[in-house]
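K.L.:
what shape does this take:
(one chain, ligands or ions: 1)
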Amino acid sequence: MRVIMKSYAILLIVICTVLMSGQAVAEKPLILKPNRVEISYTKPQNPAHQNIFELLKERRVLERFRDYLSPLRLPRTLLLKTEGCKGESNAWYEDSDHSVTVCYEYIEELQSNAPDKTTPGGVTPQDAVIGPLIEVFLHEVSHALFDLLKVPILGREEDAADQFAAYLMLRFDIDFARHTIAAVAYMYGREARSQKLELERFADVHGLSAQRLYNILCLAYGADQKLFADVVEKGYLPKSRAEGCADEYKQIYYAVEKLIYPNIDEAVRKKVQPKKLLRPVAQK
Ligand SMILES: [Zn+2]
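P.N.:
Numbers count the residues shown, from 1 in each chain. Predicted coordinates for the structure are as follows:
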């Protein structure tokens with residue numbers, strides 16, 4: 001009987017230990033693996049978004065982002081999706097289910113803000129949609145990576161997401177990088193001209209459009225002073241800011257090398273050749 005009692009006591013201790021350590025078991029380290037990006041084109045409710053939905057699928061936009069991001073070793077699945085947002089023109093990262101959403105309304109807005117013909121700065125109507133679309137995905141993916149990889153951030157997270165997105169765009173092939181950056185600058189420039197500067201604007205977590213414009217031009221110029229020489233020559237970026245742009249770019253390069261690159265699976269990266277994957281398909 002005493003032996004049985006003793007066995008019960010041991011069993012009780014084991015059960016208590018298991019119960020108490022339940023949380024610890026649930027929090028065991030997650031395994032980092034590549035190929036963890038999934039995609040979804042949600043069917044739009046608004047018939048006006050049908051064309052955008054079909055165009056995105058036809059151009060395999062989400063597949064390209066998935067392939068581009070596939071070398072990243074992530075602890076969980078990251079879902080990239082496009083969907084209708086009940087009239088809201090927006091994009092965001094949701095940390096409760098690790099998903100990035102870009103609204104059809106946002107793409108619709110990009111289309112309606114595109115110039116009728118190529119701008120003096122060389123931005124084509126097509127660039128004006130593709131550039132900011134790439135930027136918004138990369139910006140939201142930046143938030144996702146900061147969260148999933150527990151990247152420490154000094155300064156504002158919105159600035160860090162802008163900077164990482166710009167850094168990635170600047171690593172595209174030269175010609176494509178130039179078109180993408182110019183298109184994003186066009187968007188910010190357009191927004192800046194119409195943005196009213198009420199005091200509340202300064203409380204926003206995002207920089208003002210004019211600041212985001214100068215920031216991206218500075219990083220571009222800092223990354224390649226030959227390719228983006230005209231940015232300073234034509235006065236798009238003041239010389240006073242331009243002087244320190246190489247250092248600004250270096251600072252971001254260092255942070256990305258330290259914090260993000262160790263999470264890239266080289267074997268997968270070599271297979272997908274990410275630089276080429278976001279190029280627009282030739283127009284028919
Ligand atoms: Zn953001």
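K.L.:
quick one: the strands in this structure?
P.N.:
37-41, 78-83, 91-94, 99-103 (DSSP state E).
K.L.:
what's in contact with stretch 158-166?
P.N.:
Defining contact as C-beta atoms under 8 Å, 6 or more residues apart in numbering, one finds that stretch 158-166 is touched by 135, 138-143, 145-146, 153, 181, 184, 205-207, 212, 215-216, 219-220, 252, 256, 260. To be clear about C-beta, it is placed using only N, CA and C from the backbone, and glycine gets the same treatment.
K.L.:
I'd assumed Val141 was in contact with Leu74.
P.N.:
No. Assessed by C-beta atoms under 8 Å, Leu74 is found out of contact with Val141, at 10.8 Å.
K.L.:
check the nearest residue to Pro34 once chain neighbours are set aside and give its pLDDT.
P.N.:
Excluding the flanking residues, the one nearest Pro34 by C-beta to C-beta, 6 or more residues apart in numbering is Asp265, at 3.9 Å. In this model, Asp265 is scored at 92, pLDDT.
K.L.:
gap between Asp265 and Asn35?
P.N.:
8 Å (C-beta to C-beta, to the nearest Å).
K.L.:
up against the ion, what does the stretch 51-200 of the chain have?
P.N.:
Proximity of the stretch 51-200 of the chain to the ion, by C-beta under 5 Å from the ion, involves residues 158, 161.
K.L.:
where along the stretch 51-200 of the chain do the helices fall?
P.N.:
All helices of the stretch 51-200 of the chain, identified by DSSP state H, counting those that start in this stretch, fall at 61-69, 104-113, 127-148, 157-170, 174-194.
K.L.:
what sits against the closest residue to Lys81 other than its chain neighbours?
P.N.:
Spatial nearest neighbour of Lys81, excluding adjacent residues (C-beta to C-beta, 6+ apart): Ser40 at 4.2 Å. Ser40 makes contact with 62, 79-83, according to C-beta under 8 Å, 6+ apart.
K.L.:
and these, which of them are buried?
P.N.:
The neighbour-count criterion (16 or more other C-beta atoms under 10 Å) marks 62, 79-80, 82-83 among the contacts of Ser40 as buried.
K.L.:
how far away is the residue nearest to the spatial centre of the chain from the ion?
P.N.:
What sits nearest the mean C-alpha location of the chain, by C-alpha atoms, centre = their mean, is Leu138, with 1.9 Å. To the ion, Leu138 is 11 Å away according to C-beta to the ion, to the nearest Å.
K.L.:
and that residue, what's its pLDDT?
P.N.:
The model's pLDDT for Leu138 equals 97.
K.L.:
for stretch 78-92, what is the average pLDDT?
P.N.:
Mean predicted confidence for stretch 78-92 is 98.
K.L.:
do you know how far Ala165 is from Val184?
P.N.:
Ala165 is 9 Å from Val184, by C-beta to C-beta.
K.L.:
shared neighbours, the two?
P.N.:
In contact with both Ala165 and Val184: Glu135, using C-beta under 8 Å, 6+ apart.
K.L.:
and the two? Which one has more around it.
P.N.:
Between Ala165 and Val184, Val184 has the larger neighbour count (other C-beta atoms under 10 Å), namely 29 against 23.
K.L.:
which residues touch the more buried one?
P.N.:
Contacts of Val184 by C-beta under 8 Å, 6+ apart are 131-132, 135, 166, 169, 216.
K.L.:
below-threshold pLDDT in the chain: ranges please.
P.N.:
1-26, 273-284 (pLDDT under 70).
K.L.:
give me the nearest residue to Asp247, chain neighbours excluded.
P.N.:
Going by C-beta to C-beta, 6+ apart, Asp247 has Gly222 as its nearest residue, at 7.2 Å.
K.L.:
surely the one you found meets Arg241?
P.N.:
No. Counting by C-beta under 8 Å, Gly222 stays clear of Arg241, with 10.0 Å between them.
K.L.:
who's more crowded, the two?
P.N.:
Gly222 (22 against 15).
K.L.:
what's the closest of the contacts of Ser40 to Arg190?
P.N.:
Thr82 (22.6 Å; C-beta to C-beta).
K.L.:
doesn't Val102 make contact with that closest one?
P.N.:
Yes. Assessed by C-beta under 8 Å, Thr82 is found in contact with Val102 at 5.3 Å.
K.L.:
what's the overlap in contacts for these two?
P.N.:
In contact with both Thr82 and Val102: no residue, using C-beta under 8 Å, 6+ apart.
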